[in-house]
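> Whatever this is, show me its structure:
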Amino acid sequence: MKINRWISLVLINLAALALVSCGGGGTAGTTAAAGTTPSGTRSVLQYTPNQAAWATFYTKPMAGGVNTSHDPDGVGWLTPASWQNAQWNGTIYNPELLTRKQLAAAICPSGDQIRGIRAVFYANKPFADNMNPTKAEVDEWHRIAINHVRALVGYTSPARQVKKDYCMFARALWGQERKFTTKWDAKYPGTVGSAYGPCQGSANPHCGATFIPDAVDQAPYLPAGHPVCAMQAGAEGISSAPKSNIPWSIKWSRSFCGFLASEGFWGGHVGPFFHRETFGFSFWDNNSANNNNNAILRAKWSGRLMNNLYIDPDGTGTMY
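As a prediction, this is how the structure comes out:
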């Protein structure tokens, strides 16, 4: 299957512009993205807000009979032999000792496969029903998967485990809504095409990056009693590499693998996958009628910026 070219968009370092994260005080949420759902032998919380439109992400992957489910073995174009080739034997990949191309090939044997991810999936059994994973289960799977990527370079200590953040997930969705709809435009005017928005007619892929509604409008997107989301330093990465018809177990992989191949370990889009404490993802299908439409990933990162344990041989690496 031909892999669509991913688009590497400008990373916004929001130490100055600031990202939304969990702030103190404010009104409590009244409706929740906080329900629990069974995942394997545990219950997990939903971080993706209920307002996120995911309907096509369930119907499109199964259209045409290529895929049979959302787990790795249900992905029609990835053969058992390809998964065999993508197994991980526990080798820690040192970015200092490998070229960009070598590291990308080691961690991502293909644009859809992260080394060892299949075994991680079936060991954790994140989806109670591989045909219909819940938002909570997908959120948890992304946490598990990012931490597996970190393990590939030896980042396994508890302090280096990424965490889900309600404000990051909400913030990612607010950015998508600001970019692709006019939902917020009447109440929140601004400069068209700016980081804050509005965004209609703008070519700025990061339009909406700093948009945050007021406490009243935030509440339906957050769990009851959750503090108002406020500005905090962090980073945003956007990729159009994922497709709306790719099953959930690997949908995010194209973004990460594309960034890694293009930028290397010290790239601006890659760094947060390894070094940020908290994250939130939002996927957006802007054309429900097109089965092969991109599913734009807006990734938000915040919390503690962990130090890089490897030294950039070129001396040009920047932490985000």
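
> tell me the SS of Ala289?
For Ala289, the assignment made with DSSP: H, G, I helix; E, B strand; the rest coil gives coil.

> likewise Gly280?
Three-state call for Gly280 (three-state DSSP): strand.

> partners of it in the sheet?
Judged by DSSP bridges, the bridge partners of Gly280 are Lys300.

> measure it to Leu297 for me?
11 Å (C-beta to C-beta, to the nearest Å). The C-beta positions use only the backbone N, C-alpha and C, and glycine is treated the same way.

> between these two, which one's more packed in?
The neighbour comparison of Gly280 against Leu297 (other C-beta atoms under 10 Å) goes to Gly280, with 29 against 23.

> That one and Lys164 touch, don't they?
Yes. In terms of C-beta atoms under 8 Å, Gly280 counts as a neighbour of Lys164; the distance is 7.1 Å.

> Need the overlap of contacts for those two.
Taking C-beta atoms under 8 Å, 6 or more residues apart in numbering as the contact criterion, the residues that touch both Gly280 and Lys164 are Tyr47.

> Name the residues that touch stretch 105-123?
Surrounding stretch 105-123, the residues in contact under the criterion C-beta under 8 Å, 6+ apart are 3, 71-73, 75, 77-78, 82-83, 85-88, 91, 93, 98, 141, 144-145, 148-149, 152, 241, 246, 249-250, 253-254, 256-258, 260-261.

> Buried subset of those residues, written for PyMOL?
With 16 or more other C-beta atoms under 10 Å as the burial test, the buried ones among the contacts of stretch 105-123 are selected in PyMOL as follows:
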select buried, resi 71+72+75+78+83+86+88+93+98+141+144+145+148+149+152+241+246+249+250+253+254+256+257+258+260+261
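
> Inside helices: which ones of the contacts of stretch 105-123?
82-83, 85, 141, 144-145, 148-149, 152, 253-254, 256-258, 260-261 (DSSP state H).

> Among those residues, which one lies nearest to Asp217?
Trp141 (28.8 Å; C-beta to C-beta).

> Can you report how many residues lie near the nearest residue to that closest one once chain neighbours are set aside?
Counting by C-beta to C-beta, 6 or more residues apart in numbering, the nearest residue to Trp141 once its immediate chain neighbours are dropped is Pro126, at 4.1 Å. Residues near Pro126, counting by other C-beta under 10 Å, number 29.

> wait, isn't Pro126 in contact with Glu137?
Yes. Between Pro126 and Glu137 a contact is recorded at 5.4 Å, counting by C-beta under 8 Å.

> Could you give the number of residues near Gly64?
Per other C-beta under 10 Å, the neighbour tally for Gly64 reads 10.

> again, but for the one 3 residues further on
A total of 19 residues lie near Asn67 under the criterion other C-beta under 10 Å.

> In which helix or strand does it reside?
If you go by DSSP states H and E, Asn67 is not part of any helix or strand.

> Doesn't Glu236 lie inside a helix?
No. Using three-state DSSP, the secondary structure at Glu236 is strand, not a helix.

> Can you give me the pLDDT of it?
As predicted, Glu236 sits at a pLDDT of 97.

> can you check the one 3 residues further on too?
Reported pLDDT at Ser239 in the predicted model: 96.
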